[in-house]
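J.: Generate coordinates for the sequence data below:
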Amino acid sequence: MFRLPSRGASHERLMWRIGLAAVALIVPATIVPALLSQTARAVRKYEEWQVAGPPCPAGRPGARLKATLVLERVAFSRERGHAACTTLNDRGGRGFSTFPVCQFTAPGLLRVTTRTGEHWFVAPPGVPATVAVHGEGAECRLAINKDRFRPGLDRPWG
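T.: Numbers count the residues shown, from 1 in each chain. A predicted model of the protein is given here:
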């Protein structure tokens, strides 16, 4: 009977090594560009939502607020106006943790409720405000990015 020569164990090991090398090259070649692209989008979004303005004055608790929005276990309540909210990656958009941010067109009194308590702010009549919550601390600025409010896309609360 005629038999083909056996390729042996060394040939099988070589084929396994080639296969593993191919996987070792293909996986990073597909994952790394996707991660870089996702990070670039997160950094762009972080930058788009940044505002420069004076801090909001502290508000007084007790007023009845018309509407509440909950985002990442943080409640944002306001008297009036429109709102746009999102979550941003920390560390300038490069981090793995996220935090909520809301921008308000003319909110009046604002209450931000976190696990550890309430933070009250007030925006003068007609003045916009942005609130970001890092950890349990809330920060409010009297400014918004007007691109967040496009006619037809934003809906008033209340």
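J.: CA atoms for contacts and neighbours, from now on please.
T.: Fine.
J.: Beyond the helix or strand residue 77 falls within, next helix or strand please.
T.: Taking DSSP states H and E as the criterion, residue 77 maps to strand 74-78. Of the helices and strands lying after strand 74-78 in sequence (DSSP H and E), the nearest is strand 83-89.
J.: Go ahead and measure how far that following strand is from the middle of the chain.
T.: How far strand 83-89 lies from its chain's middle: 6 Å, per CA atoms, centre = their mean, to the nearest Å.
J.: which secondary structure elements does that strand contact?
T.: If you count contacts as 3 or more CA pairs under 8 Å, 6 or more residues apart in numbering; DSSP states H and E, strand 83-89 packs onto helix 8-48, strand 98-104.
J.: picking up where we left off before, would you mind writing the CA trace of the strand holding residue 77 as PDB?
T.: In PDB, the C-alpha atoms belonging to strand 74-78 read as follows (Å, rounded to 0.1, in the frame of the first residue of the first chain):
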ATOM      1  CA  VAL A  74     -28.200  62.900  39.100                       C
ATOM      2  CA  ALA A  75     -31.400  64.900  39.100                       C
ATOM      3  CA  PHE A  76     -31.400  68.300  37.300                       C
ATOM      4  CA  SER A  77     -34.400  70.500  38.200                       C
ATOM      5  CA  ARG A  78     -35.200  73.900  36.800                       C
END
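J.: What lies in contact with that strand?
T.: Contacts to strand 74-78, defined as CA atoms under 8 Å, 6 or more residues apart in numbering, come from residues 65-70, 100, 102, 107-115, 133.
J.: buried subset of those?
T.: Among the contacts of strand 74-78, those classed as buried by 16 or more other CA atoms under 10 Å are 65, 68, 100, 102, 107-114, 133.
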